[in-house]
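> here is my input; please provide its structure:
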Amino acid sequence: MNVKSHQKWGWFFVLPAVLFFAIFRYMPMLYAFFASFHFKDIISLNPPVFVGFKNYIQIFTSTDFLNSIKATLIFALGCFCPLVSVSLFLAVLIV
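Next up is the predicted model:
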């Protein structure tokens, strides 16, 4: 068998995994990006209405969003840094 034939069979066996990741990983991300520019009333059956960057402006000017970012940073730094420091110290003691 020549190299071209091996390459074709390789693509044939890899294609299901590539399609799986494309469908179940990238399609939801693309749909979420598309939906972020629309307003959808969950209760009614009306189609989504395009609002552009209005959703992003509302989020970034909200005090709740800024407080949640602050709380997340405090939690991440308060947990991650001590966890890594203690783990590294214990690893050095073991060696």
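> name the element the residue most central in space within the chain belongs to?
Nearest to the mean C-alpha position of the chain, by Cα atoms, centre = their mean, lies M29 at 7.2 Å. Assigned by DSSP states H and E, M29 belongs to helix 27-35.
> hmm, back to that, for the residue nearest to the centre of the chain, give its distance to F21.
11 Å (Cβ to Cβ, to the nearest Å). The C-beta positions use only the backbone N, C-alpha and C, and glycine is treated the same way.
> L88 too?
Counting by Cβ to Cβ, the gap from L88 to F21 is 34 Å.
> with K40 instead?
K40 sits 27 Å away from F21, going by Cβ to Cβ.
> show me where the protein has strands.
38-39, 49-50 (DSSP state E).
> the last one packs against which elements?
For strand 49-50, the helices and strands in contact under the criterion 3 or more Cβ pairs under 8 Å, 6 or more residues apart in numbering; DSSP states H and E are strand 38-39.
> quick one: contacts of the strand it packs on?
Here strand 38-39 makes contact (Cβ atoms under 8 Å, 6 or more residues apart in numbering) with P48, V49, F50, V51, K54, N55.
> pLDDT averaged over it - what is it?
In this model, strand 38-39 has a mean pLDDT of 95.
> one more: stretch 77-95?
92.
> in this protein, which helix is the longest?
helix 63-94 (DSSP state H).
> how far does that helix sit from its chain's centre?
Here helix 63-94 is found 20 Å from its chain centre; the criterion is Cα atoms, centre = their mean, to the nearest Å.
> with stretch 36-56 instead?
So, by Cα atoms, centre = their mean, the centroid of stretch 36-56 is 21 Å from its chain's centroid.
> and that stretch, end to end?
Using Cα to Cα, to the nearest Å, one end of stretch 36-56 lies 8 Å from the other.
> run through this structure and note the low-pLDDT ranges.
1 (pLDDT under 70).
> distance of L30 relative to I23?
For L30 relative to I23 (Cβ to Cβ), the value is 11 Å.
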